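Undergrad: What would the 3D arrangement of this be:
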Amino acid sequence: MVYLWKPQQVLAVLVLMMLMFTVFSDYGPLRYLFFGLSLLIYITIISANAVIVLSVCLETSLHQPMYIFICSLCLNSLYGSTGFFPRFLMDLLSDTHFISRPFCFIQVYIMYTYLGDELNILTVMAYDRFVAICQPLQYHSKMTFRMVLLLLTLAVLHPVCILGYFVYQASSLPLCGNSMNRVACNTWSIIELSCVDTTVISIASQIFAIISMFIPLFFVLYTYLRILLVCRRSSSEFRGKALQTCLPHIVTFGNFCISLFCEFSLSWYNVDGLTTFATVLSLEFLIIPPIINPLVYGLNLPQIRRVIFAFLRAGKRLHLP
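TA: Modelled structure (predicted):
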């Protein structure tokens, strides 16, 4: 027996298969200004991170653990930005703000794996600085290319596998609504639209998020406490070199922790009364770290700065008649 669906039934299924962003409003001509500013930010992120990646890849003197980790950090910024900005730019120019359910969960997966990878890479970088400063004689035997590859693989695969499971569980939930007051898909917002009791998955995801944030945070604090104790017993020249290599990481890690705190705080609590303010803060982890990271490392580390300037001078000479 074959059943034919009525047009009303087809329309209902299509509506449930789509999620709608309600935070976008009709800004009129201002939408083009917002689009131009967002496009400029996206181009800046791509350009700044690509410069660092190319510098590390093309310059053999930068094929060292610390610079490989910095390159990985910039590649992750490109990955996370690409999961958000193209769709966001389309929504700014569009009158209808719909996204298919599968693509919504793909966006969730990309953005959260970006967060997890970023946090893990920053934690691995703290361990690298700890070994370099506290155990300098063992650095080359411990931080071999094989060890660097293993650490990066674990840092990347851990969020990919664990978050993949949570996103899969969220994607299997039946939804009774299709409107989100967000500029991008968010797991907590989707769970709130579910027709069934989501207490278990909500508690499990919150526990996982807290553990995933605080374990790396405590580890980084421990490594820098050990580094501080070693620097106190060392010469001023040693302290200066240690500060030169650790300061960029401290800045990027602190900035990322603030971004992470803003994102999860806004996700867990109802912020409908602070729509504009919440919208700006919800984008912080997607904009500030990808811009800050290459600028901090490119401007503060003389090795990377020299390579960038050398490439710029070589490019100018190539354009001379």
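Undergrad: so what's the closest residue to residue 46 other than its chain neighbours up against?
TA: Distances taken as C-beta to C-beta, 6 or more residues apart in numbering place residue 78 nearest to residue 46, at 6.6 Å, with adjacent residues excluded. The C-beta positions use only the backbone N, C-alpha and C, and glycine is treated the same way. Taking C-beta atoms under 8 Å, 6 or more residues apart in numbering as the criterion, residue 78 is in contact with 45, 46, 49, 50, 53, 290.
Undergrad: cool, and residue 133?
TA: Residues near residue 133 by C-beta under 8 Å, 6+ apart: 227, 230, 231, 242, 245, 246.
Undergrad: Mind doing that once more with 10 Å?
TA: Under the criterion of C-beta atoms under 10 Å, 6 or more residues apart in numbering, the neighbours of residue 133 are 139, 223-224, 226-228, 230-231, 234, 238-239, 241-242, 245-246.
Undergrad: Tell me which stretches of the stretch 1-150 of the chain form strands.
TA: Secondary structure of the stretch 1-150 of the chain, counting by DSSP state E, counting those that start in this stretch: strands at 18-21, 98-100.
Undergrad: who wins for most neighbours among the contacts of residue 78?
TA: Neighbour count (other C-beta atoms under 10 Å) singles out residue 290 as the most crowded of the contacts of residue 78, with 28 neighbours.
Undergrad: Skipping adjacent residues, who's closest to that residue in space?
TA: residue 77 (3.7 Å).
Undergrad: So that neighbour is in contact with residue 48, correct?
TA: Yes - applying C-beta atoms under 10 Å, one finds residue 77 in contact with residue 48, separated by 8.6 Å.
Undergrad: Compare the two and say which is more crowded by neighbours.
TA: residue 77 (27 against 21).
Undergrad: Relative to residue 71, how far out is the more buried one?
TA: Per C-beta to C-beta, to the nearest Å, residue 77 is found 11 Å from residue 71.
Undergrad: Now do the shared contacts for those two.
TA: What both residue 77 and residue 71 touch, as defined by C-beta under 10 Å, 6+ apart, is the set 49, 52, 53.
Undergrad: can I get the residues you listed in TSV with pLDDT and distance to residue 64?
TA: As requested, the shared contacts of residue 77 and residue 71 are arranged in TSV below (pLDDT from 0 to 100; distance: C-beta to C-beta, whole Å):
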residue	pLDDT	distance to residue 64
49	93	19
52	92	14
53	93	15
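Undergrad: Relative to residue 212, how far out is residue 144?
TA: 27 Å.
Undergrad: So for those two, which sits in the more crowded spot?
TA: Legend: neighbour count by other C-beta under 10 Å for residue 144 and residue 212, higher for residue 212 (19 against 12).
Undergrad: correct me, but the more buried one touches residue 119?
TA: Yes - between residue 212 and residue 119 a contact is recorded at 7.0 Å, counting by C-beta under 10 Å.
Undergrad: anything in contact with each of these two?
TA: With C-beta under 10 Å, 6+ apart, residue 212 and residue 119 have common neighbours 158, 159, 260.
Undergrad: who's in contact with the second one?
TA: It stands for residue 159. 109, 112, 113, 114, 115, 116, 117, 118, 119, 120, 212.
Undergrad: hmm, try it at 7 Å
TA: Residue 159 is in contact with 113, 116, 117, 120, counting by C-beta atoms under 7 Å, 6 or more residues apart in numbering.
Undergrad: Alright, I will stop here.
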